[in-house]
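1. the sequence and its predicted three-dimensional model are supplied below.
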Number of protein chains: 2
Amino acid sequence: MQELKEKILKEGKICPNDIVKVDSFLNHQVDVHFLKKIGQEFKKRFEGAEVSKVLTIESSGIAIACYTAEAFDCRLVFAKKGVSLNQSEDFYESKVFSYTRREEYPIRVSKEFLGKDDKVLVIDDFLANGAALNGLIDIVKKSGATLVGCGTVIEKGFQPGGKSLREKGIRVESLAIIESTDEVNQKITFR
Amino acid sequence: MQELKEKILKEGKICPNDIVKVDSFLNHQVDVHFLKKIGQEFKKRFEGAEVSKVLTIESSGIAIACYTAEAFDCRLVFAKKGVSLNQSEDFYESKVFSYTRREEYPIRVSKEFLGKDDKVLVIDDFLANGAALNGLIDIVKKSGATLVGCGTVIEKGFQPGGKSLREKGIRVESLAIIESTDEVNQKITFR
């Protein structure tokens, strides 16, 4: 997606540990008009696919998933991290390791909101090691729903998540794939 | 907002500890078409107010804040909870006690995204004790921005948050105010 690549080049910052910060428009400050275009791009990429639910994980996936669900005219479900008092007792659970927080945490989706008749598009902001997507895919499997595929805004092509998912036969659409980053010169190369 | 009240009566569940669960459309599964109406309702309630940023807190505020920012044609910023490796070093911080998770946590907003020229509308899903809103208001103050007011989808009128904020002269618009709940009969009474 050309407009996304331009936005990443213009507003993105490369930080230590290969972190690409795009928090001016994607995951801290949010440019909702731009996210609407991202939602429509996912709709185009998965054109013809029947999607009954968009699934993501709190927090940075939610805004993107809103506009994707809008494009597909369906509901969005976001998996909750950790344990909360007002969570229902009947849920699908998986485990995700966060590389930015350096801890493993459970993710949960109420059984009410995902079932065998659902056709699920999994959405997230970043794809690096694939930890979050794998957790979400595990939840889709546990629910008996059909996985349509995964859509991510930015894939770090130099990390193994995307390759590993595609080798399993999962359809992954990333709107921008970063081939390499150069922190010293603040240079990003796309695939 | 009549349509919201009807949706709460139809889909809401009253759980122990006065918890009103509306996770079929608001904060686990999300009905994006309905949230769009909620965003437009906030726009109507704050008609004429100049809003340059919508501020909320991850996670359940994000979807609501997206559609509110869309209605006001501005950007949304969501405060981050806790500490993350890829957070910028220059942020405003406040502390919030979560009654559902029974712990205090820091919330942070990068200084880049909030400043003295901003006119901020603070948005959240629930208003009960006002802990999250007070944390967000504290961040608005620290940034030097102007607080336009607070918009919440559901206010628990029997808890002290809303009254306390209004007594401080803060404009609070809640789209549905619950006067009382009756768990045994699953009955909700609105103010």
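-> Structure received.
2. rest of the way, CA atoms for contacts and neighbours
-> Fine.
3. and chain A, which of its residues are near chain B?
-> A:15, A:19, A:21, A:24, A:28-33, A:58-59, A:62-63, A:66, A:69-70, A:74-80, A:83-86, A:100-101, A:109, A:113 (C-alpha under 8 Å from any C-alpha of the partner chain).
4. so A:E103 touches A:G82, yeah?
-> No: between A:E103 and A:G82 there is no contact under C-alpha atoms under 8 Å: 11.3 Å.
5. ok, those two, which is more surrounded?
-> Taking neighbours as other C-alpha atoms under 10 Å in any protein chain shown, A:E103 and A:G82 compare with A:G82 leading, 13 against 9.
6. next, give phi and psi for the more buried one.
-> Per-residue torsions, A:G82: phi 70, psi -160 (degrees, to the nearest 10).
7. can you map out the helices along chain A?
-> For chain A, the helices defined by DSSP state H cover A:2-11, A:32-45, A:61-72, A:131-143, A:161-167.
8. pick the most buried one from these.
-> helix A:61-72 (a mean of 27; mean count of other C-alpha atoms under 10 Å in any protein chain shown).
9. quick one: contacts for the spatially most central residue of chain A?
-> Nearest to the mean C-alpha position of chain A, counting by C-alpha atoms, centre = their mean, stands A:D124 at 1.0 Å. Taking C-alpha atoms under 8 Å, 6 or more residues apart in numbering or on different chains, we find A:D124 in contact with A:T56, A:I57, A:S60, A:G61, A:I64, A:A65, A:L133, A:G151, A:T152, A:V153.
10. equivalent analysis for A:F113, please.
-> A:V77, B:S24, B:Q29.
11. can you redo the residues you listed as CSV with pLDDT and distance to B:V140?
-> Below are the contacts of A:F113 laid out as CSV (pLDDT from 0 to 100; distance: C-alpha to C-alpha, whole Å):
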residue, pLDDT, distance to B:V140
A:V77, 98, 30
B:S24, 97, 31
B:Q29, 98, 29
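12. from those residues, pick the one nearest B:N129.
-> B:S24 (23.0 Å; C-alpha to C-alpha).
13. I'd like to know how many residues surround the closest one.
-> 20.
14. that one reaches B:I8, doesn't it?
-> No: at 9.8 Å, B:S24 does not count as touching B:I8 under the criterion of C-alpha under 8 Å.
15. dump stretch A:3-15 to PDB, restricted to CA.
-> Provided in PDB are the C-alpha atoms of stretch A:3-15 (Å, rounded to 0.1, in the frame of the first residue of the first chain):
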ATOM      1  CA  GLU A   3       0.300   5.600   0.900                       C
ATOM      2  CA  LEU A   4       1.200   3.600   4.000                       C
ATOM      3  CA  LYS A   5       4.800   3.100   2.900                       C
ATOM      4  CA  GLU A   6       5.100   6.900   2.400                       C
ATOM      5  CA  LYS A   7       3.600   7.500   5.800                       C
ATOM      6  CA  ILE A   8       6.000   5.100   7.400                       C
ATOM      7  CA  LEU A   9       9.000   6.800   5.700                       C
ATOM      8  CA  LYS A  10       7.700  10.200   6.700                       C
ATOM      9  CA  GLU A  11       6.600   9.600  10.300                       C
ATOM     10  CA  GLY A  12       8.300   6.400  11.300                       C
ATOM     11  CA  LYS A  13      11.200   6.200  13.700                       C
ATOM     12  CA  ILE A  14      13.700   3.400  14.000                       C
ATOM     13  CA  CYS A  15      14.600   2.600  17.600                       C
END
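16. can you give me the mean pLDDT across that stretch?
-> Stretch A:3-15 shows a mean pLDDT of 96.
17. count of neighbours near A:D73?
-> 16.
18. now do the same contact list for it.
-> With C-alpha under 8 Å, 6+ apart, A:D73 has no contacts at all.
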